[in-house]
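*Asks:* sequence unknown, structure follows:
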């Protein structure tokens, strides 16, 4: 198993975890914000899709689905409490976007040369010591949001899935 396989496996597993958290949600539950100012599952899934799309694009992936600038703006972190998130789109479409972007990211990660992985991180995560760790952080980012999805589930009275 290569470093690339381990990083790609992280994205594969977080995709599965995310689906465990949201696949049984109704459209109304998908838009549910557990407390004022918190994000909904719709925002989280859309945000992750847009983030993964941007990362895949940076890795040279060209066959990515189009996303409107308006939707990107709605799904970008602002550092402010969330407002109304009831109009973020169809849950099935957001999940399809997430799945496609994750799959493209997995494919791209598998092709990054070892010397590039060991090279400097291209992003400003301030956590990654090299490019490989920056790619690893992408999967950790998804995992962090999966924890938020677990809290959303619990606020809806749903049983834990893990």
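*Replies:* Alright, I've got the coordinates. None of these values were measured; they are calculated from a predicted model.
*Asks:* the helix or strand of the chain with the lowest mean pLDDT - contacts with which helices or strands?
*Replies:* One helix or strand of the chain scores below all others by mean pLDDT, DSSP states H and E: helix 69-74, with a mean of 90. The contact analysis (3 or more Cβ pairs under 8 Å, 6 or more residues apart in numbering; DSSP states H and E) places helix 69-74 against helix 41-58. Every residue, glycine included, has its C-beta placed from N, CA and C.
*Asks:* give me the buried positions along the helix it packs on.
*Replies:* By neighbour count on 16 or more other Cβ atoms under 10 Å, the buried set for helix 41-58 is 41-56.
*Asks:* nearest to residue 115 among the residues you listed?
*Replies:* residue 55 (19.5 Å; Cβ to Cβ).
*Asks:* who are the neighbours in contact with the nearest residue to residue 15 once chain neighbours are set aside?
*Replies:* Of all residues not flanking residue 15 in the chain, residue 102 sits nearest, at 4.7 Å (Cβ to Cβ, 6 or more residues apart in numbering). By Cβ atoms under 8 Å, 6 or more residues apart in numbering, residue 102 lies in contact with 11-12, 14-15, 49, 52, 142.
*Asks:* roughly how far apart are residue 23 and residue 66?
*Replies:* According to Cβ to Cβ, to the nearest Å, residue 23 and residue 66 sit 25 Å apart.
*Asks:* look at those two and report which has more neighbours.
*Replies:* residue 23 (10 against 7; other Cβ atoms under 10 Å).
*Asks:* returning to that earlier point: closest one of the buried residues of helix 41-58 to residue 6?
*Replies:* residue 55 (16.9 Å).
*Asks:* touching, that closest one and residue 109? I think so.
*Replies:* No: using Cβ atoms under 8 Å, residue 55 is not in contact with residue 109; the gap is 9.2 Å.
*Asks:* mutual contacts of those two, please.
*Replies:* residue 135.
*Asks:* can you tell me, leaving aside adjacent residues, what's nearest to residue 33?
*Replies:* That would be residue 40: by Cβ to Cβ, 6+ apart, it lies 4.9 Å from residue 33.
*Asks:* now for that neighbour: which residues touch it?
*Replies:* Taking Cβ under 8 Å, 6+ apart as the test, what residue 40 contacts is 30-33, 82, 85, 88, 152.
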